[in-house]
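Q: Here's a sequence, model it:
(one chain, ligands or ions: 2)
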Amino acid sequence: MKPLVAIVGRPNVGKSTLFNRLTGGRIAIVEDTPGVTRDRLYRDAEWENRIFTVIDTGGIETGKNDKMIERIKIQAQIAIEEADVILFVIDGRTGITVEDQEISLMLRKTKKNVILVVNKIEDYSDPTTMYEFYSLGLGEPNYISAAHGMNTGDLLDNVVEKL
Ligand code: GDP
Ligand code: MG
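A: Ligands and ions are numbered 1, 2, ... in the order given. Next up is the predicted model:
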């Protein structure tokens, strides 16, 4: 069986954009309409002659905030159980939210490989704000821009190292 790499995180942080970037997909999976995409999408990716399956989670978002955190936690729990590597994506523009902290708590307890991904950093001008993400206790953040393909090669290097 191919190794599994799961992408988890809050809605709108750029999970699907990253999924498309990593899997080289040209089909638009980024969907604004709720309920159109399924909750989990699987597609194969290849890097450094390693083939692995990437899972995009949280396709269906109801817009109900009270349920939202529960849905992310369920996806994170499934990822903890089935994935070999978990990419935890947060929005570098918004900064850390309460939901991010809750997911971090779950991910810190697992022995699985967790890679912290700080997305949307293409306009970062103040490097000092980049240090706040260490406080999540998930190690060194990978600063990327999924939309622009910035540092996604470095991220893939880190992923295949952990497969
Ligand atoms: P998801 O809900 O976590 O799957 O997030 P999406 O991939 O659907 O992206 C949510 C929004 O963030 C979309 O409007 C994307 O175009 C945008 N986005 C994704 N990655 C980036 C990025 O690197 N930089 C910026 N500025 N926007 C991004
Ligand atoms: Mg999505």
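
Q: and the residue in the chain that ligand 2 sits nearest to, helix, strand or coil?
A: Relative to ligand 2, the nearest point of the chain is residue 16 (3.3 Å; C-beta to the ion). Every residue, glycine included, has its C-beta placed from N, CA and C. Three-state assignment for residue 16 (DSSP: H, G, I helix; E, B strand; the rest coil): helix.

Q: for the one 3 residues further on, same thing?
A: Using three-state DSSP, the secondary structure recorded for residue 19 is helix.

Q: Go ahead and confirm the residue of the chain closest to ligand 2 touches residue 57.
A: No: with contact defined as C-beta atoms under 8 Å, residue 16 does not count as touching residue 57 (9.5 Å).

Q: list the residues that contact both of the two?
A: Between them, residue 16 and residue 57 share no contacting residue under C-beta atoms under 8 Å, 6 or more residues apart in numbering.

Q: Which pLDDT does the model give residue 26?
A: Note on residue 26: pLDDT of 49.

Q: and for the least confident helix or strand in the chain by mean pLDDT, what are the contacting residues?
A: Here the helix or strand of the chain ranked lowest by mean pLDDT, DSSP states H and E is helix 65-82, holding a mean of 82. Contacts with helix 65-82, where a contact means C-beta under 8 Å, 6+ apart, come from 4, 6, 8-11, 39-40, 55, 57-58, 61-62, 86, 99, 102-103, 106-107, 110, 112.

Q: can you do 7 Å?
A: The contact list for helix 65-82 (C-beta atoms under 7 Å, 6 or more residues apart in numbering) reads 4, 6, 8, 10-11, 57-58, 86, 99, 102-103, 106-107, 110, 112.

Q: Now the buried members of those residues.
A: 4, 6, 8, 10-11, 57-58, 86, 99, 103, 106-107, 112 (16 or more other C-beta atoms under 10 Å).
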